[in-house]
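Chemist: fold the stuff below for me.
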Amino acid sequence: MTRILLINPNISDSVSELIRAEALRSAASDTVVEVLTAPFGVAYIETRFEALIGGYATAQLAAEHHARFDAVIVAAFGDPGLSALREALPVPVTGLTEAALASAHLLGHRISIIAISQRIQAWYREVVEAYGFASRLASIRALDRPLARIGGVQDEHAHALKALAERAVDEDGAEVIVLAGAPLAGLARTLAGQLPVPVVDGVSSAMRHAQSLVSMQPGRALRGSFGPPPAKPHQGLPPAISALLERGRA
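Modeler: Sure, this is the predicted structure:
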């Protein structure tokens with residue numbers, strides 16, 4: 001049995017339900033899925049500062065619960081806190097952006113990302129560049145309208161999101177479409193066969209990659225930049241996070 005923890009770094013329970021539904025559809029028969037929602041933060045993340053808050057909320061939940069799981073998924077596009085968690089946790093960690101880009105990489109050369117917010121684009125571009133995919137990025141296209149319900153984005157704006165994907169193919173030369181963000185979890189299944197290029201979902205990609213990492217049993221880094229953080233004095237941290245830092249003394 002494989003146990004996968006998905007952490008929603010924002011406070012929207014409706015988005016967590018979308019994550020859970022797609023994760024269960026992507027889970028193997030012997031995989032147990034649990035989704036946790038950030039205990040503090042914002043409704044949805046679209047700026048660097050909000051990502052900082054979401055990253056800490058994710059770290060707190062990961063520190064408290066990781067011992068029961070074989071892998072952890074940062075279930076928000078932009079992967080807030082992912083690299084830091086990979087240093088600290090003793091289990092594999094991946095995120096929606098990293099996993100979606102890894103999947104898209106196997107399907108085509110030019111990748112376009114469809115997002116829910118204009119403001120989010122600069123941060124997404126930085127994340128893509130950090131993962132080494134800048135030369136593969138055809139475009140980031142995003143909705144330019146108010147979002148009444150973050151959990152209802154794909155229902156309320158399905159036509160506009162599909163139109164953005166079509167423009168990415170026709171005008172930007174996209175060979176693969178990545179639907180960005182947990183609010184769009186499952187939309188790739190809805191659009192299956194409706195676009196002329198492959199469509200990739202972050203939650204399903206992260207689930208499948210996480211399950212593969214668990215089955216591969218590659219071991220964890222004990223040295224190098226992803227080894228455990230070095231032991232040093234600390235104070236004022238939640239007990240679970242302190243325990244992760246103390247792990248570096250072992």
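Chemist: any idea which helix or strand in this protein has the lowest mean pLDDT?
Modeler: helix 153-156 (a mean of 85; mean pLDDT, DSSP states H and E).
Chemist: got the CA positions of that helix in PDB?
Modeler: What follows is helix 153-156 as a C-alpha-only set of coordinates in PDB (Å, rounded to 0.1, in the frame of the first residue of the first chain):
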ATOM      1  CA  VAL A 153     -13.500  28.600 -11.900                       C
ATOM      2  CA  GLN A 154     -13.500  25.700 -14.400                       C
ATOM      3  CA  ASP A 155     -17.400  25.500 -14.400                       C
ATOM      4  CA  GLU A 156     -17.900  29.300 -14.800                       C
END
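Chemist: contacts for it, please.
Modeler: 116, 143, 147-149, 161, 183-184, 186-187, 190 (Cβ atoms under 8 Å, 6 or more residues apart in numbering). From N, CA and C alone the C-beta is placed, and that goes for glycine too.
Chemist: next one: the residue at minimal distance from the centre of the chain from L179, what distance?
Modeler: In the chain, the centroid-proximal residue (Cα atoms, centre = their mean) is L96; its distance is 2.4 Å. Distance of L96 to L179, given as Cβ to Cβ, to the nearest Å: 10 Å.
Chemist: mind listing the shared neighbours of those two?
Modeler: With Cβ under 8 Å, 6+ apart as the test, L96 and L179 both reach G202.
Chemist: contacting residues around stretch 64-72?
Modeler: Contact with stretch 64-72 is made by 2-7, 34, 36, 62, 85, 89-94, 210-211, 213-214, 238, 240, as judged by Cβ under 8 Å, 6+ apart.
Chemist: longest helix in the chain, please.
Modeler: Assignment by DSSP state H gives helix 48-65 as the longest helix of the chain.
Chemist: for the following helix or strand past that one, C-alpha coordinates in PDB please.
Modeler: Counting by DSSP states H and E, the next helix or strand C-terminal to helix 48-65 is strand 71-74. Taking Å, rounded to 0.1, in the frame of the first residue of the first chain, the C-alpha atoms of strand 71-74 are listed here in PDB:
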ATOM      1  CA  ALA A  71       5.300  10.800  -0.400                       C
ATOM      2  CA  VAL A  72       4.100  14.400  -0.200                       C
ATOM      3  CA  ILE A  73       2.600  16.600  -2.900                       C
ATOM      4  CA  VAL A  74       2.500  20.400  -2.800                       C
END
